[in-house]
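A.B. asks: Got a predicted structure plus its sequence, pasted below:
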Amino acid sequence: MEKVIEVQNLTKKFGDFTAVDHISFEVYKGEIFGFLGANGAGKTTAMRMLCGLLPPTSGKGLVAGFDIHTQSEEVKRNIGYMSQKFALYEDLKVWENIRLYGGIYGVPEDEIIKKTDELLKRLGFEKERNSFVKSLPLGWKQKLAFSVAIFHEPKIVFLDEPTGGVDPVTRRQFWEMIYEAADRGITVFVTTHYMDEAEYCDRVSIMVDGRIDALDSPKNLKNQFKANNMDGVFQQLARRASRKAD
Amino acid sequence: MEFFNNLRDALQERQISMKQFMSFVRKEFYHIFRDKTTMAILLILPILMLVLFGYSISTEVKNSKIAILDSSNDVATRAIIEKFRNSEYFSVKKMVNNPSEIQDLFKKDRLNMVLVFGDNFYENLAHTGNAQVQLIVDGSDPNSAKTIVTYATSIIGAYQLELSKIDKIPFQINPQIKLLYNPQMKGAYNFVPGVMGMILMLICAMMTSISIAREKELGTMEVLLVSPMKPIYIILSKIIPYFVLSLVNLATILLLSVFLLKVPIAGSLFWLIAFSLVYIFVNLSLGLLISSIVDSQLVALLISGMVLMLPVIMLSGMMFPVENMPVFFQWISQIIPAKWYIIGVKKIMIKGLGLSSIIPEMSVLLGMGIVLVIASLKNFKYRLE
C-alpha cells in the first residue's frame, strides 16, 4: 500500500518541555486515520509539524512524499486543512469563499468555475450560491468548510476536531462526506474528542504525554485492552498520563 | 534549454502567487466595503473632525524664543529689553542688527517672535509721547502666537505705566503686531495637520491591527498559514486596502482644508504627499506590531484606542503646545510619530518650507517605521512557531 505519511522519531521540544516525544507511524493512501489524545497530550503540536507550520526539533517526517523539514512549501500545496472553527469568511458569499480558497491554492480560474458548479450541485446548495456564509446553519457551514478544504484535490486532508459543537445527526452526515472523500483516494487525518467517531476510523492512534501509546484498528484496540468500546480504551490509556491538561 | 524551462516554471509560479495575492486583496476589499457602518465612519470621520476641532484650546506658553532688533539702543529700549529678559515667558536668544536677518532667523532658530524697535525710540516717546515697537510673531501655531502677543503687550504696557508714574505725562507705546505664516491667525492652520496625523493613524494602525486580529479570532489565520500562501503576502494584502483608504482620506482632508477652510498648501504638494506616505508606513507597521501581539479584535481596539489615540491627542502638540508640558511628557512626546508628522506638515503646508527643512522629521519617521516593521515581522514569525 502506498504510504502518504511517514513519521520516524518525530520530536518537538519547547525549552525543557518535550511536547512530542519520538513518535513514529505511517498512514496509507485513502485511509481514515484517527489521531486521539487528551488535551495537552501533544496532538496539536504533532499536527502542526505535519502541516509544515512548525519545524520539528528532531526526527523525520514525510507528508505526501515531501520532507516536512525542508519542503514545507510543497507539503502545504498537497494538503488540505479544516479546523473546528470552520474558517469561512462570514461576510463573503458562498461562491466567493470557494473562489478565494481555490485561488489561494492556485487552482486555475476556469476550473474553479466548473468545480464550484459541481460542488454546489452535489451539496444541494445551488440556491445558496449568492448567500452570505453567516446566514447558513452550522451544519451547512461545516459541509462547505470541508468541501473547500478538499477543493484543490489534496493528497491528505487534516481535520482538527471538525465536528465540535455539532448535533449528532449532522455529525453522522459529515462522516458520510469523509467516507466519500476517502473513497476518492484522499487520505483523512482527523483528531476528535468523540469516541464514537473514533470507531468510524480505519485506524486510530492514541497519544499520551507526547508519545503514541496505542495504534491499531478500533477492533484490535478493543480486543487488546479488553474494552467494549473505544471510550474504554481511551480511559485506560488516559489514566497513565502524568502530564496535566492545559 | 533547461535554463529556459526553469525560467518558464519560475514565471508560472510567480503568476500563480500573483493570482493568489490578488484574490486575497479582493477579499480584503469585500470585508471593508460590506461593513457599511465602519466604512461610513472612516469616510465621514475626517470631515467631522475638521469641523469639530475648529475650536482649539489656548494655553499659556513659557520660554518663547525671541530675538530683538534694537536700532535705538537708548534708556527706554534697554529697560524694556531688561523686562523681557527677566520674564519667565520669554528667553532672549539673539540681538539682531539688520532687519534682513529676521526672516532667516524664524526658519533657522525656530524663533517664536522678533521684537523690533525703530530709530529714536526714547526721543519719540519723550517729545511726542508716542513711540512704536513691532512684534513679528510666528503664527503657524495660532494659540501660542496669540498668547505670546498678549504677554509681550502686557510687558510693554507695564513699562509704559512705570514711566507715566514718574513723569505724569501720558506716554503711549504702540505695539504693532505682524504675524508671519498665518496672518489671519486661523485656528485651521493648526488643526488641519493635527487631524491629518490622527486620521491617518486611525485608519492605518487601528484598522490594520483589528483586521488581522479578526482573522486570528475567527480561526481563518490558521487556515491561511497552512495554505501555500506566504505569510508576507497575507500581511501585505491586509495592508493594501487600508493604504488605499488612507490615501482617500488624505485627499479628502487636503481638499476640504483648501476649499472649505481656506488653508492653502503653501509648500510643495509633492513633498507633503511623500512625507505623508512615510507617516502612513510608520502607522501600518505599528498596526502590524499590535496585531502580532494581540489575538482578539477587542484588545486590538483597546490598545490602538488607549495607547495610540490618547497620547496623539494629548501629547502630539495637536491641541496643547508641547513646550508647555512637564519635561517627562515632553520626552514621551518624542516617541509619538504623530508629533513629528504634525511638525513636518506645518512646515511644508503652512510655512511653505522645502524638503531640507523637514529632514529631521522625515528621518525620525523613517527610522521609527523601519524599527517597527522589523520588530513586527520578527514577532510574527516568533508567534507562528
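C.D. replies: Everything's here; your move. Predicted model, so just to flag it, every value in this text is computed and none were measured.
A.B. asks: residue boundaries of the strands in chain A?
C.D. replies: A:3-14, A:17-28, A:32-37, A:58-63, A:66-67, A:79-83, A:156-160, A:187-191, A:203-208, A:211-216 (DSSP state E).
A.B. asks: Dump the ones you listed into CSV; add mean pLDDT, mean neighbour count and distance to chain B as well.
C.D. replies: Just so you know, the C-beta spots here come from the backbone N, C-alpha and C atoms, and that holds for glycine as well. Shown next, in CSV, are the strands of chain A (pLDDT from 0 to 100; neighbours: other CB atoms under 10 Å in any protein chain shown; distance: least, CB to the nearest CB, whole Å):
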stretch, mean pLDDT, mean neighbour count, distance to chain B
strand A:3-14, 93, 18, 9
strand A:17-28, 93, 18, 12
strand A:32-37, 92, 25, 16
strand A:58-63, 93, 19, 12
strand A:66-67, 92, 17, 12
strand A:79-83, 91, 25, 4
strand A:156-160, 93, 24, 8
strand A:187-191, 94, 24, 12
strand A:203-208, 92, 23, 20
strand A:211-216, 91, 18, 22
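A.B. asks: Can I get those in a markdown table including distance to residue B:375?
C.D. replies: Formatted as a markdown table, the strands of chain A follow (distance: least, CB to CB, whole Å):
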| stretch | distance to residue B:375 |
| --- | --- |
| strand A:3-14 | 22 |
| strand A:17-28 | 27 |
| strand A:32-37 | 36 |
| strand A:58-63 | 30 |
| strand A:66-67 | 32 |
| strand A:79-83 | 29 |
| strand A:156-160 | 30 |
| strand A:187-191 | 34 |
| strand A:203-208 | 36 |
| strand A:211-216 | 38 |
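A.B. asks: For the helix or strand of chain B with the lowest mean pLDDT, which strands pair with it and how are they oriented?
C.D. replies: In chain B, the helix or strand scored least confidently by mean pLDDT, DSSP states H and E is strand B:172-180, which has a mean of 72. Here strand B:172-180 is paired, per DSSP bridges, with strand B:130-138 (parallel).
A.B. asks: which residues sit against the partner strand?
C.D. replies: The contact list for strand B:130-138, computed with CB atoms under 8 Å, 6 or more residues apart in numbering or on different chains, reads B:76, B:80, B:102, B:106, B:111-118, B:121-122, B:124-125, B:145, B:148-149, B:152-153, B:156, B:171-181.
A.B. asks: distance between it and the chain's centre?
C.D. replies: 29 Å (CA atoms, centre = their mean, to the nearest Å).
A.B. asks: Residue B:71 is nearest to which of the strands of chain A?
C.D. replies: Each of these has some distance to residue B:71 by CB to CB; the shortest is strand A:3-14, at 77.4 Å.
A.B. asks: The closest one versus strand A:17-28: what angle between them?
C.D. replies: 180 degrees (axes from the mean of the first three to the mean of the last three CA atoms, to 10 degrees).
A.B. asks: Not counting its neighbours along the chain, what's nearest residue B:79?
C.D. replies: Spatial nearest neighbour of residue B:79, excluding adjacent residues (CB to CB, 6 or more residues apart in numbering or on different chains): residue B:159 at 6.2 Å.
A.B. asks: let me fix that: residue B:193
C.D. replies: residue B:345 (3.7 Å).
A.B. asks: so the one you found makes contact with residue B:197?
C.D. replies: Yes - at 7.3 Å, residue B:345 counts as touching residue B:197 under the criterion of CB atoms under 8 Å.
A.B. asks: Show me which residues of chain A sit near chain B.
C.D. replies: A:51-55, A:73, A:76-77, A:79, A:81-92, A:96, A:99-101, A:103-106, A:109, A:158 (CB under 8 Å from any CB of the partner chain).
A.B. asks: Let me see the contact set for the residue of the stretch 101-250 of chain B found nearest chain A.
C.D. replies: Using CB to the nearest CB, the single residue of the stretch 101-250 of chain B nearest to chain A is residue B:219, 3.0 Å away. Shown in contact with residue B:219 (CB under 8 Å, 6+ apart): A:83, A:84, A:85, A:86, A:87.
A.B. asks: Repeat the analysis, applying 10 Å as the threshold.
C.D. replies: Residues near residue B:219 by CB atoms under 10 Å, 6 or more residues apart in numbering or on different chains: A:82, A:83, A:84, A:85, A:86, A:87, A:88, A:160.
A.B. asks: Setting aside sequence neighbours, what's the nearest residue to it?
C.D. replies: Going by CB to CB, 6+ apart, residue B:219 has residue A:85 as its nearest residue, at 3.0 Å.
A.B. asks: Just the buried positions in the host helix or strand of residue B:257, please.
C.D. replies: Using DSSP states H and E, the element containing residue B:257 is helix B:231-259. By neighbour count, with 16 or more other CB atoms under 10 Å in any protein chain shown as the criterion, the buried positions of helix B:231-259 are B:233-235, B:237-239, B:241-243, B:245-247, B:249-250, B:252-254, B:256-257.
A.B. asks: which secondary structure elements does that helix contact?
C.D. replies: helix B:2-34, helix B:36-52, helix B:188-201, helix B:208-218, helix B:220-226, helix B:269-293, helix B:359-384 (3 or more CB pairs under 10 Å, 6 or more residues apart in numbering or on different chains; DSSP states H and E).
A.B. asks: could you give the angle of the fourth one to helix B:231-259?
C.D. replies: This means helix B:208-218. Using the same axes, to 10 degrees: helix B:208-218 against helix B:231-259 is 140 degrees.
A.B. asks: For helix B:208-218, enumerate the helices and strands it packs against.
C.D. replies: helix B:2-34, helix B:220-226, helix B:231-259, helix B:269-293, helix B:297-302, helix B:359-384.
A.B. asks: How far away from the center of its chain is that helix?
C.D. replies: 29 Å.
A.B. asks: pretty sure residue A:202 contacts residue A:29?
C.D. replies: No - applying CB atoms under 10 Å, one finds residue A:202 not in contact with residue A:29, separated by 11.3 Å.
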